[in-house]
Structures are given as structure tokens and as C-alpha cells.
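J.: Kindly return the folded structure for what I paste below:
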Amino acid sequence: MNIVRNFYIMCLIILSSCGGETEEKKENIAVRPENTSENERWIAPSTFEEEGMELISPEEQEFFQTIQTTGMIDVPPENKAYLNAFIGGYVKGLHLLEGEAVAKGDLLLRLENTEYIEIQQSYLETVEQLSYLKSDFERQETMYDENITSQKSYLKAESEYKTAVAKAKGLREKLQMLHISPGQVENGNFTSSIPVYAPIGGNISNISVAEGMYVSPTQTVLEIVNSEELHLELNIFEKDLLKLKEGQQVQFSLTEVGNNVLAAEVRHIGRALDRENRTVKVHAHLKEPLKQNLAVGMFVQAVILTDAEHLPAIPNAAIQGAENNFFIWILKERTSDHIVFERVPIELQAKNQEYSAIMDPQKIQGKSILLEKQRSF
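T.: Okay, here's the model as predicted:
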């Protein structure tokens, strides 16, 4: 008997709990009459609250006319250096990696060549001859003034002396360009290698040589880029040129880094038209906090914000649909039992990151519009 009684009690408990769930579910379901339109949406008040739905009204927002363009991350010419050898040589002491930071004046590598010794030898020989040629020139000048020697002898001595002076100056400048001390050469200290220093501070890029490789004067050894002054170099078609002015805001994204939108500002508008592509270069400076994450040469897609206008708008999260078939839900009726919304098709006039303006603002003027969480288009 106890077993039967306990089984009976358990059945009553299960039936009671199921009935409670049924009643709870009924509270979350708005009863929809059979004769309602397919363009109507019925929502229970409890569902409206639990899912964080809201009723919003249109509000005025600023929208910009835009110019769509592409470009790349770059730096000003003074922030980029290409290292070449004035006189060819073999690479020695190269211990750099691409991306490594260097300061202006750092020793990057050395170049070795017997031609450097020949230049030093020629300089020393010329300097040694100067004392004799100068003395001979002064002697011939005195003798010429006293009519003891001929004008031809005087002019020859003068020419030889001045030629040697010019040659010594030229060789001295060449030594200094090669970072060889003329004073050391005059003391008889020759070297077969020359140092190559960093002309600017920055990061090493595009190393095109290796240890022991011969480098000709026309060959670039490596590149240094200072990324402290990054900017955008954008290509603007001539039809959009008159819409541009300095100070306009730029929104851009990097195809390699997803859809994250970054900011810049137009600083310089080029005046030279590319006749083949019919484009003009426009430079835009980046905002300071962004520079650490960008690299020269990155491809960008950009939008330049030009003329602005204020329009009644609604949040993008309130708009549903796709491919120009957009619609919103406008409040039609609200009671304690149900909330009814009517589906209203719309056409978009303008759009920014958060809001959209529609072509016919009368459709939304004075209306309450459904806003659902976690919805966007």
C-alpha cells in the first residue's frame, strides 16, 4: 500500500510541475489572432523585458559625404634612408636583422677593398709633393718678377702647384666621405676597410646583402625607416579633388588587420596629376596612439569625410534585412497582454558607424521603433 501511495504522490508532483511550466510559458507567448497580417509581429511583455528590447525614437545625427579611396602607409622622405657604397667593396661585419632598431651614427657594417688603399696612397703622395711644388712656384714667381726666368717656366710652376692643391682637396673630401681620417693617412696609417654608419635613426628593413658579398656603388645595401612620422598616402581621382581641403577627417582600415577602423587627418593635397591614372596624391597624418601598430607599405582602404549634414536617424541595430531590402518594426499597439509591431520597409539615405538616415523621414517621425540587442546589419 505504501508503494502505491508513494507512486501516486510522485505523479501528482510531476503533473503539478508540468502545469507550472505550461502556465509560465503561456505568460511569455503573446496570443496572435488568426486574422492578423504577416507584416505584424506580436511579442509578449515578459519576452520584451527579458530579451532587453527597447522602444526608441528618431534623433538627429551628423552624416558626412564621403570619398572612397585606397593607398598605403608611408613616411616622409627625410624619414627613410637607402644606404649605398660610394665606392664598391666586400661586406664585412654585418650582424643586423630586419626590424632591428638603430640610432643615428651607429656602425652598421664595414666594406673592404684594395681601392681604398690606392686612394689613401694617392692622397699622401699628393700632399708630400705640395711642399716642393709650392716652394718651386714661389721661387719661379720671384724670378719672373725680376725678369730672371721666362713666363713659360713661371706659368708651368703655377699650374703644377695649383693642380696638386686641387687634387689634394678632392682626395681629402673623398676620404672624409669614406669615413677615413686624412690625418691618419698623412701619418702613414692606411686601412683597407671603411665603416658604414646609420644616417638616421629607425628600424632596419630590406637587407639585400650578406657577409662577404661584393657591393657595387649602384646597389642598395639596406634601408632604414623611421616610423615616428607615419602618414597615409592616398590616391584621389581628379573628379573628387575639388571636394578636398586640409583638416578633413579620414577613416581607414587595413585589409590584413580585419575591419578595425582607424583615424587620420588630411594634411597635404598634391598638385601634380598622374596623367595615366588621373589621380592626385593626398597625405593624411595618423593619430598618435596608432603609430605603434602600423608598418610602412601596408595597404589601406580609406574614406575621407567631406561635407556634413544633420538628418533624423535611427540606430543601425534597429534595422533588419540585407542587400537594400531593409525594414524596421514600428509600434502599432501595446496592451498588458501583448505588444504589436508593424513591419515597415525603408530605403537608406546615409549611414555611419552607429546610425542610419532613411530616404523618407516621415515614416519614422514621431514613431516608436523596436530596438533589439545584439542586432546589426
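J.: where does the stretch 251-377 of the chain dip in pLDDT?
T.: 255-259, 288-293, 374-377 (pLDDT under 70).
J.: so where do the strands sit in it?
T.: For the stretch 251-377 of the chain, the strands defined by DSSP state E, counting those that start in this stretch cover 262-269, 279-286, 299-315, 320-322, 325-334, 339-346, 348-351, 355-358, 369-371.
J.: Of those, flag the one that's most buried.
T.: Highest mean neighbour count of these: strand 355-358, a mean of 22 (counted as mean count of other Cβ atoms under 10 Å). Any C-beta I mention is one placed from the backbone N, CA and C, and that applies to glycine too.
J.: any chance of the strands of the stretch 251-377 of the chain in CSV, plus distance to Ser208?
T.: Formatted as CSV, the strands of the stretch 251-377 of the chain follow (distance: least, Cβ to Cβ, whole Å):
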stretch, distance to Ser208
strand 262-269, 31
strand 279-286, 27
strand 299-315, 23
strand 320-322, 49
strand 325-334, 53
strand 339-346, 57
strand 348-351, 46
strand 355-358, 50
strand 369-371, 57
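J.: okay, now Ala198: neighbour count?
T.: Using other Cβ atoms under 10 Å, Ala198 has 19 neighbouring residues.
J.: right, and the strands of the stretch 251-377 of the chain - which one's nearest Leu254?
T.: Of all the strands of the stretch 251-377 of the chain, strand 299-315 sits nearest to Leu254, with 5.8 Å by Cβ to Cβ.
J.: ok so, going back, so which of the strands of the stretch 251-377 of the chain comes closest to Gln121?
T.: Gln121 lies closest to strand 279-286 among the strands of the stretch 251-377 of the chain, at 49.2 Å (Cβ to Cβ).
J.: Alpha carbons of that closest one, in CSV - could you do that?
T.: Taking Å, rounded to 0.1, in the frame of the first residue of the first chain, the C-alpha atoms of strand 279-286 are listed here in CSV:
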residue,chain,number,x,y,z
THR,A,279,44.9,60.7,-59.7
VAL,A,280,46.5,63.0,-57.2
LYS,A,281,48.4,62.1,-54.0
VAL,A,282,46.9,63.2,-50.7
HIS,A,283,48.8,62.9,-47.4
ALA,A,284,47.0,62.3,-44.2
HIS,A,285,48.7,62.2,-40.7
LEU,A,286,47.8,59.4,-38.3
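J.: what's next to that strand, contact-wise?
T.: 69, 71, 230-238, 241, 244, 250, 262-274, 294, 302, 304 (Cβ atoms under 8 Å, 6 or more residues apart in numbering).
J.: go again using 6 Å as the cut-off
T.: 230-237, 241, 250, 264-270, 273 (Cβ atoms under 6 Å, 6 or more residues apart in numbering).
J.: got it, and stretch 196-211?
T.: Outside stretch 196-211, the residues that touch it by Cβ under 6 Å, 6+ apart are 81, 91, 94, 96, 98-109, 215, 220-226.
J.: Kindly report the same for stretch 102-109.
T.: Stretch 102-109 has contacts (Cβ under 6 Å, 6+ apart) with 91, 93-94, 195-198, 200-201.
J.: got it, and stretch 149-158?
T.: 136-137, 140, 143-144.
J.: can you put those in TSV and add secondary structure, pLDDT and neighbour count?
T.: Formatted as TSV, the contacts of stretch 149-158 follow (DSSP: H, G, I helix; E, B strand; the rest coil; pLDDT from 0 to 100; neighbours: other Cβ atoms under 10 Å):
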residue	secondary structure	pLDDT	neighbour count
Asp136	helix	86	16
Phe137	helix	83	20
Gln140	helix	82	22
Met143	helix	86	15
Tyr144	helix	78	18
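J.: so which of those comes closest to Asn39?
T.: Checking the contacts of stretch 149-158 against Asn39 by Cβ to Cβ gives Phe137 as the nearest, at 108.0 Å.
J.: That closest one contacts Tyr161, correct?
T.: Yes - the criterion here is Cβ atoms under 6 Å, and Phe137 meets it with Tyr161 at 4.0 Å.
J.: Determine the three-state secondary structure at the spatially most central residue of the chain.
T.: Among the residues of the chain, the one closest to the centroid is Ile73, at 3.4 Å (Cα atoms, centre = their mean). Here Ile73 is recorded as strand under DSSP: H, G, I helix; E, B strand; the rest coil.
J.: Can you tell me, leaving aside adjacent residues, what's nearest to it?
T.: Sequence neighbours aside, Met298 is the residue nearest to Ile73 in space, at 4.3 Å (criterion: Cβ to Cβ, 6 or more residues apart in numbering).
J.: Can you report how many residues lie near the one you found?
T.: Neighbour count of Met298, defined by other Cβ under 10 Å: 18.
J.: before we move on, the earlier item: who wins on neighbours among the contacts of stretch 102-109?
T.: Neighbour-wise, these (other Cβ under 10 Å) top out at Val196, 26 neighbours.
J.: strands paired with the one helix or strand that one maps to, and their directions?
T.: Taking DSSP states H and E as the definition, one finds Val196 inside strand 193-197. Paired neighbours of strand 193-197 in the sheet (DSSP bridges): strand 107-112 (antiparallel).
J.: sorry, back to before: for ChimeraX, write the selection for the buried entries among the contacts of stretch 196-211.
T.: Command for ChimeraX, covering only those of the contacts of stretch 196-211 found buried under the criterion 16 or more other Cβ atoms under 10 Å:
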select :81,91,94,102,108,109,215,221,222,223,224,225,226
